[in-house]
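# just a sequence and a predicted model for now, questions to come.
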Amino acid sequence: MKNPIENFIQDFMAYVRASDPHQLEFHQAVHEVIESLAPYLLDHPKYMKMKILERLVEPERVVHFRVPWLDDRGNIQVNRGFRVEMNSAIGPYKGGLRFHPTVTLSIMKFLAFEQVFKNSLTSLPMGGGKGGSDFDPKNKSDMEVMRFCQSFMTELFRHIGPNTDVPAGDIGVGGREIGFLFGQYKRVRNEFTGVLTGKGIEWGGSLIRPEATGYGTVYFAKEMMNTKGESLEGKVVCISGSGNVAQFAAQKVLELGGKVVTMSDSGGFIHDPDGIDPEKLAYIFQLKNEQRGRIKSYADKYGCPFYAGQRPWRIACDVALPCATENEIHEDDAAMLLKNGCQVVAEGANMPCTPEAVHLFLKARILYAPGKAANAGGVAVSGLEMAQNSMRLNWTREEVDDRLHTIMRTIHAMCLKHGQKRDGWINYVDGANIGGFVKVAQAMIAQGVV
Ligand code: NDP
Ligand code: 2IT
């Protein structure tokens, strides 16, 4: 006999799967949230009566469009563009754009769904959305990337706006792409406005936005470790990825006295047992952001091992910061991390742990933070960029960093409020899911059946 909670989860997931049987990543994201929410909803029937969950899993709008562009040889290329406008109960849709060949509607919906809860946790007025394309920026010239971005925005512009939907970066979309997208929006709308975040500092961007996701993830890890009287000082840290989030997570770990021993890209990972020091990290910044090269070059330059096609989780560490992509920590990786004594996992990436890995971390009662809490610093500073754009003012680095720090502490407190169990252990998954849900659900009820 199943208990009412398990029945509820099973029935709701059957309902979600029936509509879109192939959207596995979306089902995974919904399932994780429902597992936390089920007991809370059974105790608060008003949310069930108002069909809040059924409404939350149905995007308010999905835009799916063709993106034709010309490559450098004059050949016509065609990609797919998406924007999933998931929920606008507490503010304009907000969330990044991902350019990666693995982009599908399922990936877009999982990211948009996560974003709704994450944005709510930031305490800023932002709804949730996500977009992107199956375009692969790798091995494309700057001019090809520009023509692609211009074509993408030539359709997207009619669906977004500073009070409607405000995209930003994600995998494959950084400062260069945001520049090209912004330029085209301004041109077709004849309007200079805060329609995108992650803009350059000279044209409406915010200080600390590039750093914000990585810094915020480390601030969150620091808060978690505080609850045990621990700090990052002297801790060995494994990081995956070597893009925006990974780079600034590494920088902040070094600043706080930790030792980063791995970074990776889709080709494999480097293991530097001596630690990636600030000079070596500066090389990674240059390698990745200017040369757009491969992490293997680090191993060639500094004479450390490179493991082709592998992920870093078998390297012993105290703290793991997955900062590359979804489902990059599998059950066996999680088991290995635990066996080697890892005590802290903070997700810089979105949904980097498989459900089996998450269950192992929760069972072991280590400090495990899901992405919607730990990586919310990026979108939080995007919210601060929107605020500065509205005021037509720029805050200093210190001011933005202080606000980021405060927001990460507030999210931690929210996780504590909704996730702390009777014995004192904090289930950050429950905390983030319930904490993120309540505000959105109340706003939806207040606004009627829409
Ligand atoms: P970047 O494009 O800057 O970097 C992505 C990194 O992850 C690269 O090192 C990339 O390697 C690696 N990677 C991507 N896909 C895969 C894959 N399928 N297998 C192995 N490695 C992969 O992206 P970000 O740093 O911005 O994003 C990283 C993660 O953080 C994503 O999950 C994103 O959703 C999340 N995130 C990002 C935020 C932001 O503000 N940018 C905010 C919150 C979360 P390679 O270059 O070889 O592809
Ligand atoms: O996943 C994320 O939170 C992001 N990619 C950042 C979104 C944003 O709007 O800054």
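Happy to help now that I have it. Numbering: from 1, shown residues only. Ligands and ions are numbered 1, 2, ... in the order given.
# ok, the strand ranked longest in the chain: who's next to it in the sheet?
Determined from DSSP state E, the single longest strand within the chain is strand 76-87. Strand pairing for strand 76-87, using DSSP bridges, gives strand 61-70 (antiparallel), strand 128-133 (antiparallel).
# among these, which is nearest ligand 1?
strand 128-133 (8.8 Å; C-beta to the nearest ligand atom). All C-beta spots, glycine's among them, are computed from the backbone N, C-alpha and C.
# who's in contact with the closest one?
63, 67, 79-87, 93-100, 103, 107-109, 111-119, 148, 152, 156, 165, 167, 170, 172-173 (C-beta atoms under 8 Å, 6 or more residues apart in numbering).
# near ligand 2, from those?
Filtering the contacts of strand 128-133 for neighbours of ligand 2 using C-beta under 6 Å from any ligand atom leaves Lys94, Gly95, Gly96, Gln115, Lys118, Asp170.
# keep only those of the contacts of strand 128-133 that are in helices.
Members of the contacts of strand 128-133 lying in helices (criterion: DSSP state H): 107-109, 111-119, 148, 152, 156.
# closest to ligand 1 out of the residues you listed?
Minimum distance to ligand 1 across those is 6.5 Å, recorded for Leu111 (C-beta to the nearest ligand atom).
# isn't the closest one right up against Ala168?
No. Contact criterion C-beta atoms under 8 Å: Leu111 and Ala168 do not qualify, at 12.0 Å.
# intersection of neighbour lists for those two?
Both Leu111 and Ala168 are contacted by Gly95, Gly96, under the criterion C-beta under 8 Å, 6+ apart.
# write out the residues of the stretch 101-250 of the chain neighbouring ligand 1.
Counting by C-beta under 6 Å from any ligand atom, the stretch 101-250 of the chain sits next to ligand 1 at Gly169, Asp170, Ile171, Gly172, Gly174, Thr213, Gly241, Ser242, Gly243, Asn244, Val245, Ala246.
# could I get these as JSON lines with distance to Lys2?
Listed next are those as JSON lines, based on distance: C-beta to C-beta, whole Å:
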{"residue": "Gly169", "distance to Lys2": "43"}
{"residue": "Asp170", "distance to Lys2": "38"}
{"residue": "Ile171", "distance to Lys2": "38"}
{"residue": "Gly172", "distance to Lys2": "42"}
{"residue": "Gly174", "distance to Lys2": "47"}
{"residue": "Thr213", "distance to Lys2": "39"}
{"residue": "Gly241", "distance to Lys2": "39"}
{"residue": "Ser242", "distance to Lys2": "44"}
{"residue": "Gly243", "distance to Lys2": "42"}
{"residue": "Asn244", "distance to Lys2": "43"}
{"residue": "Val245", "distance to Lys2": "39"}
{"residue": "Ala246", "distance to Lys2": "41"}
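# tell me the one of the residues you listed nearest ligand 1?
Nearest member of these to ligand 1, counting by C-beta to the nearest ligand atom, is Gly243, at 1.8 Å.
# surely the closest one and Ala324 touch.
Yes. Counting by C-beta under 8 Å, Gly243 touches Ala324, with 7.4 Å between them.
# joint contacts of those two?
Asp265.
# assign a three-state SS to the residue nearest to Gly169 when sequence neighbours are not counted, would you?
In this structure, Gly169 finds its nearest non-sequential neighbour in Gly198, 4.6 Å apart by C-beta to C-beta, 6 or more residues apart in numbering. Secondary structure, DSSP: H, G, I helix; E, B strand; the rest coil: Gly198 is coil.
# got the contact list for the residue of the stretch 251-400 of the chain found nearest ligand 2?
Closest approach of the stretch 251-400 of the chain to ligand 2 (C-beta to the nearest ligand atom) occurs at Ser382, with a separation of 3.3 Å. Contacts for Ser382 (C-beta under 8 Å, 6+ apart) come out as Lys94, Met126, Val166, Ala168, Thr197, Gly198, Ser206, Arg209, Ala212.
# quick one: which helix or strand includes the second one?
Assigned by DSSP states H and E, Met126 belongs to neither a helix nor a strand.
# sorry, back to before: the residue nearest to Gly169 - how many residues pack around it?
Residues lying near Gly198 (other C-beta atoms under 10 Å) number 28.
# how much space between the residue nearest in space to the middle of the chain and Glu223?
In the chain, the residue lying closest to the centroid (C-alpha atoms, centre = their mean) is Asn350, at 4.2 Å. Distance, Asn350 to Glu223, by C-beta to C-beta, to the nearest Å: 20 Å.
# smallest gap between the stretch 101-250 of the chain and ligand 2, at which residue?
Counting by C-beta to the nearest ligand atom, the stretch 101-250 of the chain gets nearest ligand 2 through Ala168, at 3.4 Å.
# thought that residue was touching Lys199?
No. With contact defined as C-beta under 8 Å, Ala168 does not count as touching Lys199 (9.2 Å).
# who has more neighbours, these two?
The neighbour count for Ala168 versus Lys199, taken as other C-beta under 10 Å, is higher for Ala168 (24 against 21).
# across the sheet, point out what pairs with the more buried one.
Under the criterion used (DSSP bridges), Ala168 bridges to Gly96.
# hang on, the earlier thing: show me what contacts the residue nearest to Gly169?
Gly198 makes contact with Ala168, Gly169, Val173, Gly174, Gly175, Ile178, Gly205, Arg209, Pro210, Ser382, Glu385, according to C-beta under 8 Å, 6+ apart.
# tell me the buried residues in stretch 283-297?
Tyr283, Ile284, Leu287, Lys288, Asn289, Arg294, Ile295, Lys296, Ser297 (16 or more other C-beta atoms under 10 Å).
# so which bits of the stretch 351-450 of the chain are right by ligand 1?
So the stretch 351-450 of the chain meets ligand 1 at Asn375, Gly378 (C-beta under 6 Å from any ligand atom).
# report the rounded mean pLDDT for stretch 165-173.
Stretch 165-173 shows a mean pLDDT of 98.
# one more: stretch 223-233?
pLDDT averaged over stretch 223-233 gives 98.
# how far off centre is that stretch?
23 Å (C-alpha atoms, centre = their mean, to the nearest Å).
# just stretch 74-93 next, same as before
Worked out by C-alpha atoms, centre = their mean, stretch 74-93 lies 16 Å from the chain centre.
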